[in-house]
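Asker: Structure for this input, please:
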Amino acid sequence: MSIGDLVREAAFGFSLAKSGIARSSMTIGELVREAHGTARAKGWHDDDETPPDPIRIVAWLGLVCSEAAEAMEDVRLGNMALTFGEDGKPEGLPSELADILIRVADIAGALGIDLEAAVVAKASYNARRSRRHGGKAA
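Answerer: Numbers count the residues shown, from 1 in each chain. Got it, this is the predicted structure:
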């Protein structure tokens, strides 16, 4: 058990081991498998078509947007740190950023996308781009 795990358990009664999460780090591929597997087990893909209808994919992407909106709200309220509710639920900006990753990983799993390969390819391309490419102001 890591120091962070001990602190969380002492302060909030939350531990990775008790939550059923076996580790505190994973590859992108592992995240995709875990996120999509959990979503399927919880019934979030029971009505999926094969292949999924485009409107269903748009709805999934809307859920990513809703998590981003929740992250913006945490920034607005100054909830920048990871905290844990009395029930052990992670809260704050870090938790919402995690929700975004989990939603994206679930979508990738549902669509059979190798997200790890896509991230490596895109990051490699971005590293070669010029400084502040595209002429955008921000």
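Asker: what's the straight distance from one end of stretch 46-64 to the other?
Answerer: One end of stretch 46-64 sits 19 Å from the other (Cα to Cα, to the nearest Å).
Asker: Give me the number of neighbouring residues for residue 92.
Answerer: Residue 92 has 18 neighbours, counted by other Cβ atoms under 10 Å. For the C-beta atoms, the positions are set from N, CA and C on the backbone; glycine is no exception.
Asker: cool, residue 107 as well?
Answerer: For residue 107, the count of nearby residues is 21 (other Cβ under 10 Å).
Asker: What mean pLDDT does the longest helix seen in the chain get?
Answerer: When the chain is parsed with DSSP state H, its longest helix is helix 54-77. Mean pLDDT, computed over helix 54-77, is 98.
Asker: Okay, now the sheet partners of the helix or strand following that helix, with direction.
Answerer: Downstream of helix 54-77, the next assigned helix or strand under DSSP states H and E is strand 83-84. Counting by DSSP bridges, the strands paired with strand 83-84 are strand 90-91 (antiparallel).
Asker: distance between the partner strand and the chain's centre?
Answerer: Mean-position distance between strand 90-91 and its chain equals 13 Å (Cα atoms, centre = their mean, to the nearest Å).
Asker: cool, stretch 26-39 as well?
Answerer: 10 Å.
Asker: which parts of that stretch are buried?
Answerer: For stretch 26-39, the buried set under the neighbour-count rule, 16 or more other Cβ atoms under 10 Å, comprises 28, 29, 31, 32, 34, 35, 36, 39.
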